[in-house]
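Student: the following comprises the amino acid sequence and a computationally predicted model.
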Amino acid sequence: MPSKNRIKSYVENGYYHIYNRGVEKRLIFQDREDYTKFLYLLKVYLSPPEELRKEYPLLKIHIVHNNLFGEIDLLAFCLMPNHFHLLVKQKSKRAITRLMKQILTAYSMYFNKRHERVGPLFQERYKASLVDSDEYILHLSRYIHLNPIARGVSLDEFDWSSYLYYLGKRHAPWININIIKEYFNDSKKGFSYKEFVEDHLLQIDLPDDLTMDSEHET
């Protein structure tokens, strides 16, 4: 019998925390080339098609045809050696399902070929939890961006998350930082997004369904 918590559909204009880890908690990113490949897949499926055609004139037709720009926004991400986190806003039906199927299938095929392995790369299906309040969206973005701290890595030196985009050190049309950053444009708040993320005094505990231990699935 399916779990009562199993998510069978996604709502339009809903915010979701998507995450998964390697099978048996194995590494899914072994080096810079692996991280770069995963980000490339996010880029080609989420960037404006006209920009893709200019940058990659030989890009396969089916990738451009299945592009999801305008159907889903990527607000935050973090790629860790054995798992990943994405925070997205789904703007059209089945956009999450289509995006994750295309990215995880392509990445698994790439990884298995490059590292000469066979079999599933990821642990079961990816998880997706609905984030249903502005407060949780903000704190989840911080939770995602703080992941490298557990490995002793400085946040402003970590290449594989969206945090540097929030700091203005990088820019990309396939990441929407405005939704979260606009909460901090009000000077009355008294602190910036950087201070919000890095000041541990401001942290709160997240509900279980927003962390890697959640049982919610697609």
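Tutor: That came in fine, so what should we check first?

Student: and the strands in this protein, which stretches?
Tutor: In the chain, the segments counted as strands under DSSP state E are 14-21, 72-80, 83-90, 127-131.

Student: just want the angle from the third one to strand 127-131.
Tutor: If I follow you right, that is strand 83-90. 50 degrees (axes from the mean of the first three to the mean of the last three CA atoms, to 10 degrees).

Student: which strands and helices sit next to strand 83-90?
Tutor: Under the contact criterion of 3 or more CB pairs under 8 Å, 6 or more residues apart in numbering; DSSP states H and E, strand 83-90 touches strand 14-21, strand 72-80, helix 95-114, helix 134-145. Backbone N, C-alpha and C define where each C-beta goes, glycine included.

Student: one more: the shortest one?
Tutor: Contact here means 3+ CB pairs under 8 Å, 6+ apart; on that basis strand 127-131 packs against strand 14-21.

Student: now the angle from the strand it packs on to strand 72-80?
Tutor: Counting by the same axes, to 10 degrees, strand 14-21 lies at 30 degrees to strand 72-80.

Student: 361 is where my numbering starts, stick with that
Tutor: From this message on, residue numbering opens at 361, which makes the last subject strand 374-381.

Student: buried residues in strand 374-381?
Tutor: For strand 374-381, a neighbour-count test (16 or more other CB atoms under 10 Å) marks 375-381 as buried.

Student: dump the residues you listed to a markdown table, plus pLDDT and distance to L481.
Tutor: Output for the buried residues of strand 374-381, formatted as a markdown table (pLDDT from 0 to 100; distance: CB to CB, whole Å):
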| residue | pLDDT | distance to L481 |
| --- | --- | --- |
| Y375 | 97 | 26 |
| Y376 | 97 | 21 |
| H377 | 97 | 20 |
| I378 | 97 | 16 |
| Y379 | 97 | 15 |
| N380 | 97 | 10 |
| R381 | 96 | 10 |
